[in-house]
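# Here is my input; please provide its structure:
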Amino acid sequence: MTAAELPVLFVESRADAELAAALYGKSAMVRLALYQAKELAAHLGGAPLWIDPGFDSFPRPSADTPWAAFYRETAAWKPLTDGEFIKKPAAPAVRELLLPVLERAMALSPAWLSIPQLRVGEGSEHNRLNRVLAEETGRILRAGGFRGKAILPIILSLERQSATRAARARCAVAANLGAAGADGIWVVDSGLEDEAGTPGTERRFRGLVDLHDEIDALDPSIMVAGPYWAFGLVVWARGLATHVATALGTGYHYHAPGLLPRKDPMARLAVRSLRKRVRAPDGLKAWLDGCVKALDEADERRPELEELRRKFSQLVQDGGRRQVASLWRDWFAEVAELSPPSRPLALYQEFSRAFLLGKSLPPVPSETGSAKKPYQPAQQLMLHCV
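Here you go, the predicted structure:
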């Protein structure tokens, strides 16, 4: 597969970089945050790079992060954490803070480069600055002779930001796409955890599908969805994205680099037949035993659960990272081999089977809330495949 046929890999650590190289070689596009790009690129074996300045952590970043340490040394920190500047940005000042950041990014010769953008606000409070950022970035890239692809980020964090047509219009996608002269768009909802099974997630899926559908009408040459666990696959299979983004670490959702990460050190394993991950403390082995007993001896899904139980100690040594990432890669490859028109129905059938299996299995004791129900994520996802 070429980079155009592979998922986009979000790499955030050396361990991620080494896993990316092991599983995908140097073919897949790798997204790196600018503040750590030079360090991590050395471990990627020459893979094509997508450099993202990570402006979505402004205007209220966490102070004690490596991202903050990087930006405190630049001219961007003071104005982009100033509420008055956010409301009334002056183009010359925006160009002045952008230029050294973009020059540093372009020096890495990326195939793709993100247009610096604040995340979508609760209303339209970030729109003026994002428009100026788009315009000035476009001018700088053209003047600098940048030959890669410029990607416009649309980063949401709340369900209501995509719930209605009026809310989606406030994202100002078309205006900023044109202002920057961007080649493509990246859409992600950082507040969405699509494998949690949270009640009401179906509404969030619906709004995001509508947003992708409206962006698709703009005909961008590149459209990236995610990273998520499975929702990005659904959007891509429906033809509403050209690329699926995926993680390689422990969290299969997007987290802004300048915000303190949520700590969930527990290992996770992926259960292929359920199309979901589960937290994997030592006690999960008893749940796996219960799942095996719940299935007939001739059930074709039983060997997978038996193998997870048998190899449990080995698989969780790295927090389950390699097992999960390998399974996701193989799942994507299987769907990608299908003809595009047949992908939505194939995913629907996969999630339907996972739902029916989950209904026959005991609750997952290591999970909380709706995630205890083995069938819940698949039930929500299958409704949006077709």
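# the helices in the stretch 201-350 of the chain, which residues?
Secondary structure of the stretch 201-350 of the chain by DSSP state H, counting those that start in this stretch: the helices cover 201-216, 231-237, 284-294, 302-310, 312-315, 321-336, 343-359.
# Now do the buried residues in the shortest one.
Neighbour-count burial for helix 312-315 flags 312, 315 (criterion: 16 or more other C-beta atoms under 10 Å). For every residue, glycine as well, the C-beta is placed using N, CA and C.
# on that earlier part again, let's have the helices of the stretch 201-350 of the chain in JSON lines, adding mean pLDDT and distance to residue 272.
Conversion of the helices of the stretch 201-350 of the chain to JSON lines gives the following (pLDDT from 0 to 100; distance: least, C-beta to C-beta, whole Å):
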{"stretch": "helix 201-216", "mean pLDDT": "97", "distance to residue 272": "21"}
{"stretch": "helix 231-237", "mean pLDDT": "97", "distance to residue 272": "14"}
{"stretch": "helix 284-294", "mean pLDDT": "95", "distance to residue 272": "13"}
{"stretch": "helix 302-310", "mean pLDDT": "96", "distance to residue 272": "6"}
{"stretch": "helix 312-315", "mean pLDDT": "96", "distance to residue 272": "13"}
{"stretch": "helix 321-336", "mean pLDDT": "96", "distance to residue 272": "6"}
{"stretch": "helix 343-359", "mean pLDDT": "97", "distance to residue 272": "9"}
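# Could you say which of those is packed most deeply?
Here the criterion is mean neighbour count by mean count of other C-beta atoms under 10 Å, and of the helices of the stretch 201-350 of the chain the winner is helix 231-237, at a mean of 27.
# which residues sit against that helix?
192, 194, 205, 208-209, 212, 225-226, 241-246, 331-332, 335, 343-344, 346-347, 381, 384-385 (C-beta atoms under 8 Å, 6 or more residues apart in numbering).
# repeat that with 6 Å
Contacts made with helix 231-237 from outside it, assessed by C-beta atoms under 6 Å, 6 or more residues apart in numbering, are listed as 194, 212, 225-226, 241, 244, 343-344, 347, 384-385.
# mind exporting it as CSV, just the C-alpha atoms?
Output in CSV follows, covering the C-alpha atoms of helix 231-237 (Å, rounded to 0.1, in the frame of the first residue of the first chain):
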residue,chain,number,x,y,z
PHE,A,231,-15.7,6.0,13.9
GLY,A,232,-13.0,7.3,11.5
LEU,A,233,-13.3,3.9,9.7
VAL,A,234,-17.0,4.4,9.4
VAL,A,235,-16.7,7.9,7.9
TRP,A,236,-13.9,6.8,5.5
ALA,A,237,-15.9,3.7,4.4
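# i'd like the first residue to be 91 from this point on
Sure thing, new numbering starts at 91, so read that last one as helix 321-327.
# ok, back up a step: quick one: the helices of the stretch 291-440 of the chain as a markdown table, columns for distance to residue 115 too.
Written out in a markdown table, the entries for the helices of the stretch 291-440 of the chain read as follows (distance: least, C-beta to C-beta, whole Å):
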| stretch | distance to residue 115 |
| --- | --- |
| helix 291-306 | 29 |
| helix 321-327 | 21 |
| helix 374-384 | 32 |
| helix 392-400 | 26 |
| helix 402-405 | 23 |
| helix 411-426 | 11 |
| helix 433-449 | 24 |
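# got the domain boundaries for the protein?
According to automatic domain parsing, the chain comprises the domains 93-337, 358-472.
# Residue 349: which of those is closest?
Of all the domains of the chain, it is domain 93-337 that lies closest to residue 349, at 5.3 Å by C-beta to C-beta.
# Spell out the residue ranges of the strands in the stretch 141-290 of the chain.
When assigned using DSSP state E, counting those that start in this stretch, the strands of the stretch 141-290 of the chain occupy the ranges 202-204, 239-246, 274-279.
# For the last one, which outside residues touch it?
Strand 274-279 is touched from outside by 239, 241-246, 298, 305, 310-314, 316, 344, with contacts defined as C-beta under 6 Å, 6+ apart.
# buried subset of those residues?
Among those, those buried by neighbour count (16+ other C-beta under 10 Å) are 239, 241-246, 298, 305, 310, 312-314, 316, 344.
# what two of those residues are the furthest from one another?
Within the buried ones among the contacts of strand 274-279, 239 and 298 form the most distant pair, 23.0 Å apart (C-beta to C-beta).
# Check the contacts of strand 274-279 and tell me the two furthest apart.
With distance counted by C-beta to C-beta, no two of those lie farther apart than 239 and 298, which are 23.0 Å apart.
# what's the closest of the helices of the stretch 291-440 of the chain to residue 172?
Among these, helix 291-306 comes nearest to residue 172, with 29.8 Å by C-beta to C-beta.
# quick one, the closest one and strand 274-279 angle?
Taking axes from the mean of the first three to the mean of the last three C-alpha atoms, to 10 degrees, one finds that helix 291-306 is oriented at 170 degrees with respect to strand 274-279.
# And helix 291-306, how far out from the chain middle?
Relative to the chain's own centre, helix 291-306 is displaced by 15 Å; criterion: C-alpha atoms, centre = their mean, to the nearest Å.
# ok, residues contacting that helix?
By C-beta under 6 Å, 6+ apart, the list of residues contacting helix 291-306 from outside reads 249, 252-253, 258, 263, 275, 279, 282, 325, 330, 470, 474.
# 7 Å - rerun?
The set of residues external to helix 291-306 that reach it, using C-beta atoms under 7 Å, 6 or more residues apart in numbering, is 249, 252-253, 258, 263, 275, 277, 279, 282, 284, 313, 315, 321, 325, 330-331, 470, 473-474.
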